[in-house]
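[1] have a look at this prediction, sequence included:
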Amino acid sequence: MAPLLLLLQFTLIVILIAPWTGRFPAWTSVSALTAFVLLTIGFLLFLWVLRHNRPGNFSYRPEPPAGNRLVTGGPYRFIRHPMYLALLLLMTGAVLLYGEPWRWLALIALSTVLHFKSRLEERLLCARFPEYSDYMARTKSILPFLL
């Protein structure tokens, strides 16, 4: 299951960011301004995640790397999967920039893949870290204060 989720995730990211139609994003519209805000927030969240969960402690695979530690500070105080939120913000910004309706379907598909990937990851983290269940009870999954 994990290899399929990874393949789907990276395929959808390529679909979302590639200029398939040869049309370049326009920076003059309201959607472009909104896209810029989302891209900026997504990138800043990505940097915040890296500050608290250094490369080597996390992986793009759902399986926790050997010897990693559980991180509950920084953005992890509010949500369990801030890197997924950063990715979704960045990809939503890309969809708005390109302005092509079919990209919304790819974004919905990516959100679905990340949902299933996060559930698999959480089962594995619960097995590795007994305290993860308590952490899950007090934090949201991807959207702070909502989900």
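    It's in.
[2] for this protein, which helix is longest?
    Using DSSP state H, we find that the single longest helix of the chain is helix 102-128.
[3] buried ones in that one?
    For helix 102-128, a neighbour-count test (16 or more other Cβ atoms under 10 Å) marks 103, 106-107, 109-111, 113-114, 117-118, 121-122, 124-125 as buried. In this view, the C-beta of every residue, glycine as well, is placed from N, C-alpha and C.
[4] tell me the phi and psi of the most centrally placed residue in the chain?
    The C-alpha lying nearest the average C-alpha coordinate of the chain belongs to residue 84 (Cα atoms, centre = their mean; 1.6 Å). Main-chain dihedrals, residue 84, degrees, to the nearest 10: phi -70, psi -40.
[5] just to revisit the earlier point, quick check: next helix or strand after the longest helix of the chain?
    Remark: after helix 102-128, the chain's next helix or strand is helix 132-138, criterion DSSP states H and E.
[6] if you average pLDDT over that following helix, what comes out?
    Helix 132-138 carries an average pLDDT of 92.
[7] can I get it in PDB? Just the C-alpha atoms.
    C-alpha atoms of helix 132-138 as PDB (Å, rounded to 0.1, in the frame of the first residue of the first chain):
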ATOM      1  CA  TYR A 132       1.600   9.000  19.900                       C
ATOM      2  CA  SER A 133      -2.000   8.000  20.800                       C
ATOM      3  CA  ASP A 134      -2.100  10.800  23.500                       C
ATOM      4  CA  TYR A 135      -0.600  13.200  21.000                       C
ATOM      5  CA  MET A 136      -3.300  12.300  18.400                       C
ATOM      6  CA  ALA A 137      -6.000  12.900  21.000                       C
ATOM      7  CA  ARG A 138      -4.900  16.500  21.600                       C
END
